[in-house]
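Enquirer: Quick one, structure for this:
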Amino acid sequence: MFKIFIIISILFLNSLASDIKTIEYKGDIDLVLGDFSKSNLDTICGFSYPEIYKIWKKNPTFTSKDIENCSELLKEYSQSLGFYRAKIDYEIKNDIATINIFKNEAIKVSSIKVEDEYKKFVNFTKDEVFISSKFSESKKNIRKYLNENGYAKADINAKAYVNLDEYKVELIYIITKNKLQYFGDINIQNSANLSQELLQKHIEFKKGDIYNSRLLDKTYENLYNFGIYKTIIVEPNFNSNSDFIPVNIKLEEGFFKENSFGFGYDTDKKFRFKAQHKNENFLGDLKQFTVGTKVNSEGYELYNNIFDPYFIKDNISLNNDISYENMDYTSYSQKKIENKLTFSKEIFTLPNSVGFLAEHSTIKSDLKEYKSGTYLLNSLFYEIKLDRRDDSLNPKDGYFLSFYIEDGSKFIGSEYDYLKTVSDFKYIKTFDNLTASFKTKIGTLDRDLPIFKHFFAGGAYSNRGYAYEKVGVKDSDDNPYGGLSMIDSSLEFEYNIYKNIGVVTFFDSTMLSLESNNFNDKFYNSFGFGARYYTPIGPFRVDFGFPKDDGGFVFHIGIGQVF
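Expert: From the prediction side, this is the model:
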C-alpha cells in the first residue's frame, strides 16, 4: 500500500512540474522581426500557439523536457548563424520558463579560395559572418551552374574549415569539370491516351543536345501542366560510363474525370450552387469536355464546353461554349441560348483570340423605354490579353491588360449592326504588409441595343457604394438603365495585420452614360472599408461602401479578389 502511495505521489508531482504555461526569452532578442525574434525562436523550438482570433482554443502547456530540447535546438540554431560561442541556458519557476540567449561574438570568414568562374556563386566576402546555410547554398548554385552547362559529372569539393581556437573560417572550393556531357536515349513509358508526337513536342531536349538540367525541369513542368498524370518521373541515368546520359520518363495516368459540387453566397447573387463534370482527356490528346449547371437566387444556367488545345498543329486551340440561362436581372429577365466559338494562339507570348458569338435572347423588360421580345445577335470578336500578375487568384504584384472588340453584323444574320469595345487594366503593388491596387474598365457601344447588351455597374466586384447593378440613371421603380458608355474604376489599399487577416480601405468611381462614346457624364463616387481573410481559393471579403451623394451604406460579402 505504501509503495502505491509513493508511485501515485511521484506521478502527481511530475504532473505539477510539467505544467509550464509561459515561455519567455531574454538576452539578445530581436523585438519584432529578425533571426532572434520570439516568433522565430518559437518556430525553431516547435512551439505553436492558436491564431489570435481563435479565442476558443487554449494555449499549449510544456514540460521541462520541452524546454531542455528547446535550449539545445537554439544552440544549434545560433551556431548555424555564426554564433559558435553562444550561451544558452534556462530556468523554470512555477509555470514560467525563462530561456536566456547570449549570442556573443560571431565567427567570420578569414579567406576564400575559389576560381574566378565560380566567384559569383559564393555569397561571402572576407570578414563576413559565416552562415552555414549560405555556404550550402553556394555549393548548390555551383552544382546548378555546372548541370545547366553540360558538366553533370563534375566533382565539387567544397569545405568550410572552422577554427574555434583562432575563431575563424576558411572556405575552399575545388571544382573539376570532367568531360562535357550530352543527352542520350529518351525512354518514355506512358499509360495515358496521348500520342507519341504530342509528348515529343513537350520534351525540351533531344538526343545529342548538350546536357542541361534546366531542360529537364521545363519538361517536367510541361508534363505536369497536362493535369492528367498522378506520377511524373523525368530521371537522367548518371550510371552510364558514356558521355551520353540516357533519360527515363515515366508517366502514370491519374484520375482525369472529375465531378465537383460547390455552394456559396455573396450579396450580388445571394445563395449559389454549382455542379460540374469535367473530363481532362476527352477522346485523347488533352481534349477537354465539361458540362454543368449554376444556380442562384435569380435563376439558373446550363453550360457545356469542348476545348481542344491542339486543334491546328500545336499552336492554335479551339474552345466551344454552349449555354442556356433563365435569369432575372435588375431591369429585365432573360432566357438566352448562347454559342461562343473561339480560336486562340499566342503571339509574342500574348494570348490572342478570335471567334464567332451567337446570342438568341427572349427578354421581358421592366423598363418602358425598352421593349420585351426575342432578339438574335450574331457577331465576330477579337481579344488580346497581357497578364503579368504573380497570382491570378490573389495577386500581390503585377499588372493585367486586355482589349475586347465585338462586331455585330446583319451580314452574318444579326438583327443589328453594332460595335462593342471593352478595355480592362489592373495594377497591384505590395510594399511589405501594404498592398495598393488599382483597376479600371472602359466600355462603349456605338448604338443603342436591347437592354441585355447594356453596361451595368455596382456591387461587390464593381462600385461598392451601390447594390448590384444599381449605378446610374433609374426609372421611377428603381430599375437601372445601365449605359452605352462606361468607366468603372477602383483604388484600394490593403494592410495585412496578422497572418491570413487583412483590412482595406477603398475609393470606387463609375461613369455610366446613355450616349455612345460619351465619357464626360456624371461620375458616381463612393468610399469604404472592409476586411479580408485569405483562403486557398481567394480572400473572403467583407466590405462597407458609402456612396458620396446618396447617403447610407451598402454591405457586401463574397469570396474572390476584386482585382
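Enquirer: Skipping adjacent residues, who's closest to residue 192 in space?
Expert: residue 253 (4.0 Å; CB to CB, 6 or more residues apart in numbering). Quick note: C-beta positions are derived from backbone N, CA and C, even for glycine.
Enquirer: do residue 162 as well
Expert: The nearest residue in space to residue 162 (CB to CB, 6+ apart) is residue 169, at 5.3 Å.
Enquirer: what does residue 534 give?
Expert: Nearest one to residue 534, counting by CB to CB, 6+ apart, is residue 500 at 4.4 Å.
Enquirer: Can you show me the helices along the stretch 451-563 of the chain?
Expert: Per DSSP state H, counting those that start in this stretch, the stretch 451-563 of the chain has no helices. Nothing in it meets that criterion.
Enquirer: for the chain, same thing?
Expert: Taking DSSP state H as the test, the helices found in the chain are 2-17, 38-45, 64-80, 132-147, 196-201, 213-224.
Enquirer: buried sites along the longest one?
Expert: Taking 16 or more other CB atoms under 10 Å as the neighbour-count basis, helix 64-80 is seen to contain the buried residues 66-67, 70-71, 74-75, 77-80.
Enquirer: Just put the helices of the chain in TSV and tack on distance to residue 272 and mean pLDDT.
Expert: Formatted as TSV, the helices of the chain follow (distance: least, CB to CB, whole Å; pLDDT from 0 to 100):
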stretch	distance to residue 272	mean pLDDT
helix 2-17	52	51
helix 38-45	38	92
helix 64-80	47	93
helix 132-147	47	95
helix 196-201	37	92
helix 213-224	31	96
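Enquirer: Now the ones you listed in JSON lines, please, with extra columns for distance to residue 418.
Expert: Shown next, in JSON lines, are those (distance: least, CB to CB, whole Å):
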{"stretch": "helix 2-17", "distance to residue 418": "80"}
{"stretch": "helix 38-45", "distance to residue 418": "59"}
{"stretch": "helix 64-80", "distance to residue 418": "67"}
{"stretch": "helix 132-147", "distance to residue 418": "56"}
{"stretch": "helix 196-201", "distance to residue 418": "41"}
{"stretch": "helix 213-224", "distance to residue 418": "42"}
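Enquirer: Report pLDDT for the residue nearest to residue 534.
Expert: Residue 500 carries a pLDDT value of 86.
Enquirer: List the residues that contact it.
Expert: Contacts of residue 500 were listed using CB atoms under 8 Å, 6 or more residues apart in numbering, and they are 51, 533-535.
Enquirer: and it, what are its phi and psi?
Expert: Main-chain dihedrals, residue 500, degrees, to the nearest 10: phi -100, psi 20.
Enquirer: Quick check: beta-bridge partners of residue 319?
Expert: residue 307, residue 342 (DSSP bridges).
Enquirer: should've said residue 112
Expert: residue 171.
Enquirer: tally of neighbours for it?
Expert: Neighbourhood size, residue 112 [other CB atoms under 10 Å]: 17.
Enquirer: you'd agree residue 430 is up against residue 397?
Expert: Yes - between residue 430 and residue 397 there is a contact under CB atoms under 8 Å: 5.5 Å.
Enquirer: between the two, which one's more packed in?
Expert: residue 430 (16 against 13).
Enquirer: That one: what's its closest spatial neighbour, skipping adjacent residues?
Expert: residue 396 (4.4 Å).
Enquirer: Ramachandran coordinates for the one you found?
Expert: The phi/psi pair for residue 396 (degrees, to the nearest 10) is phi -120, psi -20.
Enquirer: Spell out which residues sit in contact with it, please.
Expert: Contacts of residue 396 by CB under 8 Å, 6+ apart are 390, 428, 430, 435.
Enquirer: and the spatially most central residue of the chain, how far is that from residue 328?
Expert: Centroid check for the chain by CA atoms, centre = their mean gives residue 391 as the closest residue, at 3.6 Å. From residue 391 across to residue 328, the span is 34 Å (CB to CB, to the nearest Å).
Enquirer: picking up where we left off before, so the residue nearest to residue 192 bridges to which residues?
Expert: So, taking DSSP bridges as the rule, residue 253 has residue 229 as bridge partners.
Enquirer: Could you tell me how many residues sit around it?
Expert: Residues within reach of residue 253, counting by other CB under 10 Å, total 16.
Enquirer: Would you mind confirming that it makes contact with residue 226?
Expert: No - the criterion here is CB under 8 Å, and residue 253 misses it with residue 226 at 9.9 Å.
Enquirer: Can you tell me the closest non-neighbouring residue to residue 400?
Expert: residue 426 (4.2 Å).
Enquirer: again with residue 195
Expert: Computed as CB to CB, 6+ apart, the closest residue to residue 195 that is not its neighbour in sequence is residue 285, at 5.9 Å.
Enquirer: List the buried residues in stretch 369-389.
Expert: 370, 375, 377-381, 383, 389.
Enquirer: Tell me the one of these nearest residue 323?
Expert: residue 377 (14.7 Å; CB to CB).
Enquirer: And the pLDDT for the closest one?
Expert: 98.
Enquirer: isn't it right next to residue 413, touching?
Expert: No - with contact defined as CB under 8 Å, residue 377 does not reach residue 413; the gap is 9.2 Å.
Enquirer: coming back round to it: would you list the phi and psi of the residue nearest to the centre of the chain?
Expert: Here residue 391 shows phi and psi, under degrees, to the nearest 10, equal to phi -160, psi 130.
Enquirer: quick one on the thing from earlier: mark which of the contacts of residue 396 are buried, thanks.
Expert: Looks like the contacts of residue 396 have 428, 430, 435 buried, using 16+ other CB under 10 Å.
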